[in-house]
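Q: Can you look at this prediction? I've put the sequence above it.
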Amino acid sequence: MSLLRYLTKRIAERIALLFGIIIFNFIIFQVLPTIYGVNPAELYVPLTYKGLPRSELVQALDNQFGLNLPLDERFFVYMKSLLTFHLGISMSYQQPVISLIEARFPVTALLVIPSLILSTILAIVLGLYSISRQGKVGDVAVSFTSIMTYFIPAFWLGEIVLYFFGFYLRIFPTNLAEAITSSNGHTLVGVAYWVDLLKFLTLPILFITVISYGVRNILFRNNGVELMGSNFVNYLRARGIDDRKILYKHITRNAVIPVVTRVGIDIAFLFAGVVFIEDIFNIPGLGRLLVRGAENLDVPLLGGDFYIISLFAVIILLALDLIYPLIDPRVKYE
Amino acid sequence: MIEGKDLRVYFKSRDIVVKALDGVNVSVKDREIVGIVGESGSGKTTLGRTILNLQKPLSGEVLWNGKNVFKLKGKEEKEFRRQNQIIYQNPYEAVDIRLKVYDIVAEGLRVHNIPKDKEEESKIVMETLRDVGLTPEDEYAKSLPNQLSGGQLQRVAIARALVLNPSFIVADEPVSMLDMSIRAGVLDIFKRLRDERGISIMMITHDISTLGYVADRIYVMYQGKVIEHGSTDAVLDKPLHPYTQALISAVPIPDPSGRTSLFSIKVKEEMEPYNGKGCRYYPRCPFAMASCREKEPNLSGVSSDHYVACFLY
Amino acid sequence: MNKVIRDLLSRKTFIFSIVVILFFAAIALLAPVLTSYNNPYQVSQQFVAAPYAVPAWATIFPQYHDLPPDVRLTLTPVSASGVTPVNSSFVKITVPAGGEVNVSYPIRWNWSSPYNVILSFILVPPATSDFNVNLYMNNINIMELSPVPIPPAVSVTLGKPNSITFSSQTINPSNSPYVNSLPFQDQPLASLEFPKAVLPRPGMYYLVISLQNTGNSPETFLLSNPHYTSLGYAYGRLGTDDNGGSVFSEFVYGARFDLYLALVASVLIIGIGLIIGLLAGYVGGFTDLTLNALTDFFLLIPGLPLLIVLISIFDLTGVIVNVNKAVLILLIISFLSWPGTAKIIRGQTLSLRSRTFVEASRALGEGKLRILFRHIVPNLMGILFAQLAYDVPGVILAESGLDFLGLGIIGFPTWGNMLGFATNDLSFANGFAWWWVLPPGIGIILLSTAFYYFGTAMLDVLSPYKLRGE
């Protein structure tokens, strides 16, 4: 009963969030330009597209986004176009925004998902080490390193790593186009393509792993340390259960819950989080697309990419809400 | 002088409604220490908070010198706050531990603008600290709560209440957090307050033996209801309700020979859940009858100073 | 209060944080004293040394051992017949008819080649046009001065003081015999090659000014002692960037800006967060519901993309023309960063509000506002200080990120755009300019960590209820 109520409440919240994001998009991309006297149509139409003259494009866009309507009526047209993924045509790429995003989604996913798994494993392994030697040098060193990763500017360390491993030691390829092109100039196909692509992505994936494990490690460690001192552990000890077993079975199971939440949030911001890494390693993913949009002041691209990023976040958060009661039984009684 | 009539306070937590107070009548007269006793969850603390308008009831009223305290406004409300004070169970929780003892005690004076100047304020504060036995008072005044022991801090809390020269104090388990050795000292303060200053006190406790020492009258509460009340002597010497009997039998007595008669009172392991209409105590009552399951008993007088809610009488 | 300070000083991490913060604060405050270049991104403040000059102290390492510093010399001639000093800076040279007098200026050069060579002096030639002046350095004819200028000779005015400047960076086939003598395909690179040709390695070199009299009577020349200047490859405390701007100046002024921005933004963030958190937590009810939903909303939209989008849109709509971009970035970062603080303040307020001592204050007759400002807010001080400290790294990182991506400030140095420019330049060709790449990054890390530990210490010391593990 209360579980059902929890779920309804969460779904309602997420739908409200999605609605809020649409309103927010509308304010940024429609209301603001209008206030400052910029015709949104001009922001949305490339000079030519598929040989059509600009005036016809403006007309087509006016129909689609209702750009010539007053703001209040325009909102509904705008909302409809977002919900149906009609995101307009990129000014700088001269391609529909949605197809640009479709092409880049797998790249970002291929970058983020392996590093997410690796860094979670790293966080838990190091966390277990820390918990078992709480307060000793090893623990202090691991924790300090983890905290440092919060504050290392990813873009800075990334460039340095790229320089040393890519340019100086030449262990990893530094150019995607070169990496997936065979020696005779054709793009590789099949297994060879994926192998080379992964080879290229190895460095960024490892880099994201190192730079992002810290938060999860600290979460896991602090939870574990707290649990180690709790009565429930004292009780297990009193029953004569081995410290190792307590650590690996009871502590891990409980301490991992906040880590799961954290990982969920990280997935939610999957599209958003790797802006810098994609920029540094020159990976054509969603983050780089956004930066390109910003550099060229490409409004349709910015709007579309931002909308998809937020939408994805909402969907993942909702999924997280739905599976959360399975992981943490306490949620039901919240 | 202060009287609660048919007070009902329900707390709702998700789907479960907890009836903390379910039609409680209680009165405290001038120069009287009234004891409220019951186990945790019996609603005794809620009663104390409701009496002082710190908790709004669902229904019922609290009359203070004939006025409904929930409807007091402005000056009258301020005067009510000044004259009626509360002392909490955990003194560490009850004071803002950032403040020095002096400021904790002076707080009330400042709120009510009682002293004309700093000197007078200081005089009143120091006097009160001496009154509750915190000497040398100027040293205590300067200290921070975390430098004091529980007993000392509880005295500070008492001083904070006394400094406003109240006529009525709710003391919510004032000694339960303190060591046995210092309990009597704190309880003596309450007795002295009644005898010397004529202050009425509502003493809330789960330990019925404490009340034997200080109280004039006793109310016994069980699950939001008063199930027995009367003068201290009557209730302690001749407990009528099986629950009261169980409470008293649980008190450790130094002389084992006097205990045998009380030992016979046992509490049933709770076998069945409460069915929602009968006497609240029947699931645990060793004397439960069929009628107990069907209807709730009302308080009825067995003598002029002794009332009980039980079908046995 | 003493106890609080003693408690703080007993923490090693707190001492570390204070030392670091004070160090950067001192640098920021003393910036005008520490360096005379307040904006090395301006063209007028560039080329204080060669591009990519290493820090002066780095010459203790063997691979940088020979790198020259900036050199400024006033050359004095070797005494020779016909050369007589007029005063401390001029010499008079009498050249016999048809003869030639060489004035030699020794240069003691202890390093490898410099970035450039600039010579300047004043020449007062005779009033007749029968003369020729040649400049030689390391026996290379670098410049020719003549009253009848046939390229590569440069003209001089007769009988009047001529200010002559030779700069290796402006040499071309029409003004320097050296360039003219090079193979045609090498001529465009003459500016780069010149210093290596005339000052190839440590040693004794001579600038020779050769005065020729082609007339029939002796002539007199006046010559000032030449000034020699060259930009070196070792400069200052932190070397130079790709434009020869002082990295130390950039670092110092970057610290100044970053600290200023971070503190102002953090105060704004705390301000907004405190107001919203307090309102939500203390007023409760519908206010809480609304504000909490708003907070969650801003917490859940992806922050960095939103930041990028907002900056771009403001750029596009021309708001930036009216508002200083730094101010705009500050406002947007603050506007996007308050939710975390608001959430924490709300939680703490809720917890404080339900504490017994708050009810006790109510029982004493204290009003809502009095309780708020006398009991709730003071008990939040620890959290507020901690949040202030925790927000600083966030602001610095966000702003640096924008600058790095080229979407933020580019007109004056910040740590972020230093990193951006430095790392964009990282390539195999340029090598690893560690003196330029490392300081801003290390600065950000040190300052962020320091503020983090500062906040943690404040939280522990100033929030009594947290200390007791509640």
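A: Right, received. Where do you want to start?

Q: from here on, contacts and neighbour counts on C-alpha atoms
A: OK.

Q: now the longest helix seen in chain A: how far from the chain's centre is it?
A: What stands out as the longest helix in chain A, according to DSSP state H, is helix A:190-228. Mean-position distance between helix A:190-228 and its chain equals 13 Å (Cα atoms, centre = their mean, to the nearest Å).

Q: Which neighbouring elements make contact with that helix?
A: Applying 3 or more Cα pairs under 8 Å, 6 or more residues apart in numbering or on different chains; DSSP states H and E, we find helix A:190-228 packed against helix A:97-132, helix A:137-151, helix A:154-161, helix A:176-179, helix A:252-268, helix A:275-281.

Q: can you put those helices in JSON lines and add mean pLDDT and mean neighbour count?
A: Formatted as JSON lines, those follow (pLDDT from 0 to 100; neighbours: other Cα atoms under 10 Å in any protein chain shown):
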{"stretch": "helix A:97-132", "mean pLDDT": "88", "mean neighbour count": "19"}
{"stretch": "helix A:137-151", "mean pLDDT": "88", "mean neighbour count": "17"}
{"stretch": "helix A:154-161", "mean pLDDT": "86", "mean neighbour count": "22"}
{"stretch": "helix A:176-179", "mean pLDDT": "68", "mean neighbour count": "16"}
{"stretch": "helix A:252-268", "mean pLDDT": "81", "mean neighbour count": "19"}
{"stretch": "helix A:275-281", "mean pLDDT": "84", "mean neighbour count": "22"}
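
Q: Please report how far the closest residue to chain B within chain C lies from chain A.
A: Residue nearest to chain B within chain C (Cα to the nearest Cα): C:F357, separated by 4.0 Å. Distance of C:F357 to chain A, given as Cα to the nearest Cα, to the nearest Å: 26 Å.

Q: For that residue, which non-adjacent residue is spatially closest?
A: B:A94 (4.0 Å; Cα to Cα, 6 or more residues apart in numbering or on different chains).

Q: show me what contacts the residue sitting nearest the centre point of chain C?
A: Residue closest to the average C-alpha location in chain C (Cα atoms, centre = their mean): C:E250, at 1.3 Å. With contacts defined as Cα atoms under 8 Å, 6 or more residues apart in numbering or on different chains, the neighbours of C:E250 are C:N38, C:N39, C:P40, C:P413, C:T414, C:M418.

Q: Buried residues, the strand or helix carrying the last one. List them.
A: The one in question is C:M418. Applying DSSP states H and E as the criterion places C:M418 in helix C:415-424. Within helix C:415-424, the residues that count as buried by 16 or more other Cα atoms under 10 Å in any protein chain shown are C:W415, C:G416, C:N417, C:M418, C:L419, C:G420, C:F421, C:A422, C:T423.

Q: show me the contacts for the last one.
A: Residues counted as contacts of C:T423 (Cα under 8 Å, 6+ apart) are A:W156, A:E159, A:I160, C:V437.

Q: Can you list the helices and strands that the helix or strand hosting C:L388 packs against?
A: Using DSSP H and E, the element containing C:L388 is helix C:377-404. If contacts are counted by 3+ Cα pairs under 8 Å, 6+ apart, helix C:377-404 sits against helix C:247-278, helix C:325-353, helix C:415-424, helix C:434-462.

Q: Tabulate the ones you listed (CSV), appending mean pLDDT.
A: Shown next, in CSV, are these (pLDDT from 0 to 100):
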stretch, mean pLDDT
helix C:247-278, 93
helix C:325-353, 89
helix C:415-424, 87
helix C:434-462, 89
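
Q: what ranges do the strands span in chain C?
A: Secondary structure of chain C by DSSP state E: the strands cover C:71-74, C:83-85, C:90-95, C:100-109, C:118-124, C:131-137, C:140-146, C:154-155, C:162-167, C:203-213, C:219-224, C:227-230.

Q: Closest approach to chain C from the stretch 1-150 of chain B, which residue is it?
A: Closest point on the stretch 1-150 of chain B to chain C, by Cα to the nearest Cα, is B:A94, at 4.0 Å.

Q: buried set for stretch B:295-303?
A: Quick answer for stretch B:295-303 (16+ other Cα under 10 Å): B:E296, B:P297, B:N298, B:L299, B:S300.

Q: what secondary structure does the first one sit in?
A: This points to B:E296. Under DSSP: H, G, I helix; E, B strand; the rest coil, B:E296 falls in the coil class.

Q: residues contacting the closest residue to it other than its chain neighbours?
A: Nearest non-adjacent residue to B:E296, counting by Cα to Cα, 6+ apart: B:C279, 4.3 Å away. By Cα under 8 Å, 6+ apart, the residues touching B:C279 are B:C292, B:R293, B:E294, B:K295, B:E296, B:P297.

Q: The third one and B:Y274: what is the separation?
A: When you say that, I think you mean B:E294. Going from B:E294 to B:Y274 by Cα to Cα, to the nearest Å gives 11 Å.

Q: Tell me how many other residues surround the residue of the stretch 201-313 of chain B found nearest chain A.
A: Closest residue of the stretch 201-313 of chain B to chain A, Cα to the nearest Cα: B:P273 (21.3 Å). Number of residues near B:P273 (other Cα atoms under 10 Å in any protein chain shown) recorded here: 9.

Q: My guess is C:Y282 contacts C:G347. True?
A: No. The pair C:Y282 / C:G347 is not scored as a contact, 9.9 Å apart, by Cα atoms under 8 Å.

Q: got a list of what the closest residue to C:S448 other than its chain neighbours touches?
A: Spatial nearest neighbour of C:S448, chain neighbours left out: C:P393 (4.5 Å); criterion: Cα to Cα, 6+ apart. By Cα under 8 Å, 6+ apart, the contact set of C:P393 is A:F151, C:A262, C:I444, C:L447, C:S448, C:T449, C:F451, C:Y452.

Q: And the pLDDT at C:P393?
A: We have a pLDDT of 89 for C:P393.

Q: Same question for the one 4 residues further on.
A: C:L397 is assigned a predicted lDDT (pLDDT) of 89.

Q: show me what contacts it?
A: A:F151, A:P153, C:G416, C:I444.

Q: Show me which pair in those is furthest apart.
A: Spatially, the most separated pair among the contacts of C:L397 is A:F151 and C:G416, at 13.4 Å (Cα to Cα).

Q: Contact partners for residue 216?
A: Picked chain A for this. A:T120, A:A123, A:I124, A:V259, A:R262, A:V263.

Q: if you could check chain B rather than the one you did, that'd help
A: B:E32, B:I33, B:V34, B:G35, B:S231, B:T232.
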